[in-house]
Every structure is written in C-alpha cells, then in structure tokens.
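Below: sequence and its predicted model.
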Amino acid sequence: MRQIHSNEIKETSAAKLNIRQISDAYTRLAPLYGIWEWVAEGSAQRTAMEMAAIQNGESLLEVAVGLGTSLNILRKQNPNGRNIGMDLTSVMLRRTRKHLMIDQNVNPALCQGDAMVMPFADASFDLIYCTFLLDLLPIPDIHVVIREMRRVLRPSGRVVIAHLSMNHRSFNWFWILLYSSIPMLLGGCRPIQLTNWLPHDGFMVQQVQVVSQWGIPSEIILATPNG
C-alpha cells in the first residue's frame with residue numbers, strides 16, 4: 001500500500017488513468033453508472049447532501065455531475081438559486097440531460113469542462129459539491145482541482161467532497177488487487193485520504209464522516225476557505 005507523509009495526501013495506489021483514459025472510461029461506463037451509484041454511492045451521496053445544507057438562493061456548482069442524481073435533488077432545494085453541473089465527458093452530460101428531463105422543474109445549467117481549469121470567474125459559488133472525482137486523479141492533479149475549487153468559491157462558501165476511504169484496511173487491500181488489474185472497470189477510483197492536506201490547499205476541515213455501503217467505505221468532508 002502506497003502512503004506518503006502523514007500531513008500529505010495519502011493513496012492506496014498511484015492513479016493509473018490519465019485525463020484521456022478517464023474520459024474514455026466514463027464514456028464507456030456511462031450506461032452502467034446508475035448501477036454503480038446504487039451499489040456504492042447512495043449512502044455517501046445522501047450524507048454529502050445533508051452536509052451541504054444548501055440554502056435556497058445560493059449559487060451551487062457540482063463538479064463531475066455524473067447522471068445528475070444529486071444535482072436533481074440539490075436544485076429542488078435551491079429553486080431560486082443558481083445551479084450548475086459540470087462534467088468532463090459529453091456522453092455523461094447527455095445522459096444527465098435525459099435524466100433531468102424526467103422532472104420539468106427549473107432545470108440546472110450543464111456544461112462540459114475540466115475540473116483542473118474551471119470555466120468560471122473567481123468567487124462565483126457559495127457551494128461546490130464534488131463526489132467521487134478526486135479519488136481517480138493523480139495526487140498533483142488533486143492539488144490543482146482543490147485549488148481551482150478554492151478559486152471559484154466565495155470566501156463565505158463551503159465545499160463538500162466525497163471519495164473512497166482508506167479507513168478500512170481489508171477493503172484497501174482488496175481494492176488494490178482489483179485496481180492493479182482492472183482500473184478502468186473501477187472508474188479509475190482508489191481509496192485516498194485528504195483531510196490532513198486540505199489546509200495546505202486553502203481549506204479548513206469542518207466535518208468528516210465515513211459511511212459504508214455493501215462494504216465499500218466512503219469519506220465525506222465539509223470544508224470552508226481558511227482565509
């Protein structure tokens with residue numbers, strides 16, 4: 001298991017997919033992503049949305065919107081606010097649009113974009129919501145994305161992040177075994193630990209919770225700008 005110094009980001013294994021491969025993976029996995037959400041992410045997403053505690057009228061950005069399941073719920077809690085969903089892959093965004101058309105309430109804006117170079121002005125959002133993205137990126141790219149989140153977040157804002165957790169040793173070893181041979185099938189995600197490093201990238205951790213679904217542990221973090 002790969003770990004670096006205690007005050008840095010930790011990872012069970014170095015990331016195996018680059019940006020092009022990530023885009024290819026999620027283009028291929030898009031038709032099956034709803035199954036993965038149901039199996040592995042539901043509990044974490046519900047906890048993350050509770051932590052987000054969105055107030056009607058806020059400006060919200062979901063980074064890596066997936067099928068729009070969480071965005072659909074969050075925007076209903078924020079009907080008078082600005083709701084934006086961003087994703088790297090056009091195929092995932094097309095499925096998101098189709099999913100959100102089920103409900104004709106005020107639809108959020110959707111855009112294709114790279115989380116490392118977000119197409120938004122400084123201090124644009126009250127809430128940034130990002131689940132199961134950072135755990136598929138190489139550590140240098142994680143730093144870039146976190147700093148981009150800090151850039152587009154308002155000083156009074158907050159970020160909610162969810163990722164595969166390193167808190168369960170047996171799960172870590174099991175996942176490493178799969179990840180070493182079929183990283184693309186796992187969406188490139190591997191367990192990481194962020195909380196000790198977030199202050200170095202501009203955030204103060206306010207709350208951390210670990211939840212498990214079908215034996216898959218996820219860590220959810222609420223953080224605010226540290227100055």
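It's in. Quick caveat: nothing in here was measured; it's all calculated off a predicted structure.

Show the subsequent helix or strand relative to the worst-scoring helix or strand of the chain on mean pLDDT.
Ranking every helix and strand in the chain by mean pLDDT, DSSP states H and E puts helix 33-36 at the bottom, with a mean of 54. Later in the chain than helix 33-36, the nearest helix or strand by DSSP states H and E is helix 42-52.

C-alpha coordinates for that following helix, PDB please?
The C-alpha coordinates for helix 42-52 follow below in PDB (Å, rounded to 0.1, in the frame of the first residue of the first chain):
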ATOM      1  CA  GLY A  42     -26.100   6.200  -2.400                       C
ATOM      2  CA  SER A  43     -25.300   6.400   1.300                       C
ATOM      3  CA  ALA A  44     -22.300   8.700   0.700                       C
ATOM      4  CA  GLN A  45     -24.400  11.000  -1.600                       C
ATOM      5  CA  ARG A  46     -27.200  11.300   1.000                       C
ATOM      6  CA  THR A  47     -24.700  12.200   3.700                       C
ATOM      7  CA  ALA A  48     -22.900  14.700   1.500                       C
ATOM      8  CA  MET A  49     -26.200  16.400   0.600                       C
ATOM      9  CA  GLU A  50     -27.000  16.700   4.300                       C
ATOM     10  CA  MET A  51     -23.600  18.200   5.000                       C
ATOM     11  CA  ALA A  52     -24.100  20.600   2.100                       C
END
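
Give me the buried positions along that helix.
Residues of helix 42-52 classed as buried by neighbour count (16 or more other C-beta atoms under 10 Å): 43-45, 47-49, 51-52. In short, each C-beta sits where N, CA and C put it, glycine included.

Do a quick rundown of the strands in the chain.
Here the chain has its strands, by DSSP state E, at 10-11, 59-63, 82-87, 109-112, 125-131, 153-164, 192-193, 203-213, 216-225.

Show me what the spatially closest residue to M149 that is not a sequence neighbour bridges to in the sheet.
Excluding the flanking residues, the one nearest M149 by C-beta to C-beta, 6 or more residues apart in numbering is I128, at 5.0 Å. For I128, the beta-bridge partners are L61, V159 (DSSP bridges).

Run through the protein and note the low-pLDDT ranges.
The model of the chain has pLDDT under 70 over residues 1-7, 22-42, 102-107, 182-187.

mind running it again at 80?
Scanning the chain for pLDDT under 80 picks out 1-8, 16-42, 67, 99-107, 167-168, 171-172, 174-175, 178-188, 213-214, 227.

W173 versus the spatially most central residue of it, what's the distance?
Nearest to the mean C-alpha position of the chain, by C-alpha atoms, centre = their mean, lies T131 at 2.2 Å. Remark: distance between T131 and W173 (C-beta to C-beta, to the nearest Å) = 24 Å.
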